[in-house]
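*Asks:* predicted coordinates and the sequence they were generated for:
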Number of protein chains: 2
Amino acid sequence: LLKGEIITVGTEILMGQITNTNAAYISNELLKLGVGVYYHSVVGDNHKRLMEVLSCSLDRADIIVLTGGLGPTGDDITRETVAELLQLPLQKDQDWESRLEKFFSQRNRPMVESNRKQALVPRGGKLLPNEKGTAPGVYLEYKNNTVVLLPGPPEEMKHVFKKQVCPLLKDKLEFAGEKGVLLSRSLRIVGLGESAIEDKLQPWLNNQDNPTIAPLAKRAEVHLRITARSKTKDEAIKLIDDKEKEISGALGDYIYGRDEEELEHVVARLLWEKEKTLAVGESCSGGLLCHRLTNVPGSSGFLLAGMVTYSNEAKMNLLEVKKDTLLDKGAVSEAVALQMAQGSRRRTGADIGISITGIAGPSGGTPDKPVGLTYLALDTQGFSFCRKYQMWGEREDIKIRVSQVALNLLRLHLLGLIEQC
Amino acid sequence: LLKGEIITVGTEILMGQITNTNAAYISNELLKLGVGVYYHSVVGDNHKRLMEVLSCSLDRADIIVLTGGLGPTGDDITRETVAELLQLPLQKDQDWESRLEKFFSQRNRPMVESNRKQALVPRGGKLLPNEKGTAPGVYLEYKNNTVVLLPGPPEEMKHVFKKQVCPLLKDKLEFAGEKGVLLSRSLRIVGLGESAIEDKLQPWLNNQDNPTIAPLAKRAEVHLRITARSKTKDEAIKLIDDKEKEISGALGDYIYGRDEEELEHVVARLLWEKEKTLAVGESCSGGLLCHRLTNVPGSSGFLLAGMVTYSNEAKMNLLEVKKDTLLDKGAVSEAVALQMAQGSRRRTGADIGISITGIAGPSGGTPDKPVGLTYLALDTQGFSFCRKYQMWGEREDIKIRVSQVALNLLRLHLLGLIEQC
């Protein structure tokens, strides 16, 4: 397999001021092309350290993508360092220099001498025009390596990658032949922990071949990645499809989506399909369930209202919870959860009411009702139920887990699977 | 200066499934302690490659922080690889093993054999308890290097870092001596854009010495980082304090907090200090304002209720908005915002009512009322006002910006500064 490596140049990343989203983007794009990335490195705007990192990557990777350090200032040293290490003299690209001159004159800004270095290209390299800024990229085949230089600002980097680098790498990979491609898909799983998933998938996990599978625990869900290597992209897709079928057989409805599809989007889709409206009564989740649902564009089509009722008075006034029940059973109880779900439906006329009441902590817990205790209830015409959960973690973790369980209950209810979960 | 390096272990990052936020967090934390980070590396769950990367970093860095690969599965190899490279046998930590057994039995989940390896520590290392998961960290002094192992899930990593690693490194750095320290503080600024801030800070930005200052635009706020280098931590703090005073003179109340202090925490503190209760009426922000406020532990002390009223009916039923006003002015209007703020107070008896109504997009905009148009209103005994904003960006950006503006209005109101903003 062709090995990729990404080197991000920039002190601001080493200071933690900026997250290295460029490396994630390029990794993902390379993988879509069939190139597996084996290393990311970040190094500051420092000549000696960049030399070291780059010479190391020349030995271990086939395709090296550098991003950052192509600007006009003295700090920007990527172009010069690459040229020096590969012993390729820098040559001026006349076209780009004229373009720079035009760029500055059109904007009535003086072009300083240092801008001219952005028109330099190591001998044998191809200048990659950048329509969004003054720093072009460079594409270079050198001995056994392909070295790509990209600007650092994410918009410019993506633009040059998509428009210039992708076609060049596609051409290259057409002829990769023996080396083949690597492709990947994630299945998103909710309602089962990582170890339970591993139990169910033991036969596959213990006999990893091609495709491989790997679970990844996220907050309140698990992503299972299927990765295939093959001669061609079509073959790899076929391998992944087949493996997904086997895994779906083992995990069934715990799988809720693929790749980027979030749980709130799946719930929204089901609500649209079934033409159901929703009202939400929240206590310990504090509005997070509503927030997640309203992140979905068009959610105003199904979400009639949400009520965050922290106080007993709010539960009575807004959700018609009975005072007696609050006194007898306490705010965190099955009876109150059910009344909240019913109340949120009655107050809005929604088809489905869902409610959450619990103790998010850190304070407010008792031996009987510890932090994390939560009741979720769902109420529809002629059908209502309540479930009790013991969540763990800190306040924000509990809020996230509770909202996740609520979304999953909605999903299972809408799929007619509520008895199974 | 002490040199830091961060090694993130995880194939999912190399595949671009996850952005390496852990490295950004750790970099930032190390810098606050006085350690400059010179390299980030990412490597997959692969024994040979991790050996290579780690042995390289032992030569070039003083403090090496590894994150990821401490889970129970066969993929998780960080602990074993570090032990092998440093030639330190793995020893079982009995306390942690019992804790694991308890953890699983409390959750009625079977503890599989592979979980036991999470209780292993390279000889001479200190186990760092993880209260949020089953994978503890490890702190190891080995020859001239300090090697720290942290779990990969961000909330577990942050928790172990803050609670366990910070105090250990602080002790170590007390004795850093000649090498000196690098320290940094962020001022958090809201209500002013990056270029406006640069205008106000031009004298300082143009004459950078020690400390240096650097603004960084975040979503809906700007962080200004002050970084000092000095022989001792105390000297560095003094340098930063002095610089902060000068900058506060120029930016005044636009500065709302420092370092990790989020805007919702500042608002919560002010509400407690002034002993005021709050009710929230939201439309386009969809519950996000409530969610952010309820992330603050103890927010049930001031937040009586939140109502997310997407539909006109909900605005009328829950917030007592008048039908005529909705018909005459539309849901996104000053009059409706004011009635929502008044209604949320009346319905709950809160001291302060705040409301948001707008168009989050992507659809729903008109030439008169484009996507992003938002009205925010605040109502208290004898005082109410409304402001109009034009937000930009995608749906989630707009929700975040709107909630930020609402929190800042609350802050300025509680500080008695509302006329200035």
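*Replies:* The structure has been received and is ready for your questions.
*Asks:* what kind of secondary structure is A:Gly191 in?
*Replies:* coil (DSSP: H, G, I helix; E, B strand; the rest coil).
*Asks:* is it in contact with A:Ile255, as I believe?
*Replies:* No: contact criterion C-beta atoms under 8 Å: A:Gly191 and A:Ile255 do not qualify, at 9.9 Å. Where C-beta positions appear, they are placed from N, C-alpha and C, glycine not excepted.
*Asks:* so which strand or helix has the nearest residue in space to A:Glu12 that is not next to it in sequence?
*Replies:* When the adjacent residues along the chain are set aside, A:Glu12 lies closest to A:Ile18, with 4.9 Å between them (C-beta to C-beta, 6 or more residues apart in numbering or on different chains). Secondary structure assignment for A:Ile18, by DSSP states H and E: no helix or strand.
*Asks:* give me the three-state assignment for the closest residue to chain B within the stretch 51-200 of chain A.
*Replies:* Each residue of the stretch 51-200 of chain A has a distance to chain B, by C-beta to the nearest C-beta, and the smallest belongs to A:Ser184, at 5.6 Å. Using three-state DSSP, the secondary structure recorded for A:Ser184 is strand.
*Asks:* my guess is it meets A:Arg225, correct?
*Replies:* Yes: under the criterion of C-beta under 8 Å, A:Ser184 is in contact with A:Arg225, at a separation of 5.8 Å.
*Asks:* list the residues that contact both of the two?
*Replies:* B:15, B:17 (C-beta atoms under 8 Å, 6 or more residues apart in numbering or on different chains).
*Asks:* quick one, which of the two is more surrounded?
*Replies:* It is A:Ser184, of A:Ser184 and A:Arg225, that has more neighbours when counted by other C-beta atoms under 10 Å in any protein chain shown, with 24 against 19.
*Asks:* please give me every residue in contact with the more buried one.
*Replies:* A:Ser184 touches A:31, A:225-228, A:240, B:15, B:17, counting by C-beta under 8 Å, 6+ apart.
*Asks:* let's go with 6 Å and repeat that
*Replies:* A:31, A:225, A:227, B:15 (C-beta atoms under 6 Å, 6 or more residues apart in numbering or on different chains).
*Asks:* A helix includes the third one, no?
*Replies:* So the one you mean is A:Thr227. No: secondary structure of A:Thr227, determined by three-state DSSP: strand, with no helix assignment.
*Asks:* distance-wise, check the residue lying closest to it once chain neighbours are set aside relative to A:Lys3.
*Replies:* Among residues not flanking A:Thr227 along the chain, A:Ser184 sits closest, at 4.4 Å (C-beta to C-beta, 6+ apart). From A:Ser184 across to A:Lys3, the span is 16 Å (C-beta to C-beta, to the nearest Å).
*Asks:* the stretch 101-250 of chain A against chain B: which residues are in contact?
*Replies:* A:184, A:216 (C-beta under 6 Å from any C-beta of the partner chain).
*Asks:* where does pLDDT dip in the stretch 101-250 of chain A?
*Replies:* The model of the stretch 101-250 of chain A has pLDDT under 70 over residues A:174-179.
*Asks:* hey, where'd the strands end up in it?
*Replies:* The residue ranges that make up the strands of the stretch 101-250 of chain A, judged by DSSP state E, counting those that start in this stretch, are A:120-122, A:126-128, A:137-142, A:145-150, A:181-189, A:212-218, A:221-230.
*Asks:* tell me the angle the third one makes with strand A:145-150.
*Replies:* The one in question is strand A:137-142. Counting by axes from the mean of the first three to the mean of the last three C-alpha atoms, to 10 degrees, strand A:137-142 lies at 170 degrees to strand A:145-150.
*Asks:* alpha carbons of strand A:137-142, as PDB, please.
*Replies:* What follows is strand A:137-142, C-alpha atoms only, in PDB (Å, rounded to 0.1, in the frame of the first residue of the first chain):
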ATOM      1  CA  GLY A 137       1.000  25.000  -3.600                       C
ATOM      2  CA  VAL A 138       3.700  22.800  -5.100                       C
ATOM      3  CA  TYR A 139       3.600  19.200  -6.400                       C
ATOM      4  CA  LEU A 140       6.900  17.500  -6.700                       C
ATOM      5  CA  GLU A 141       8.000  14.000  -7.600                       C
ATOM      6  CA  TYR A 142      11.400  13.300  -6.200                       C
END
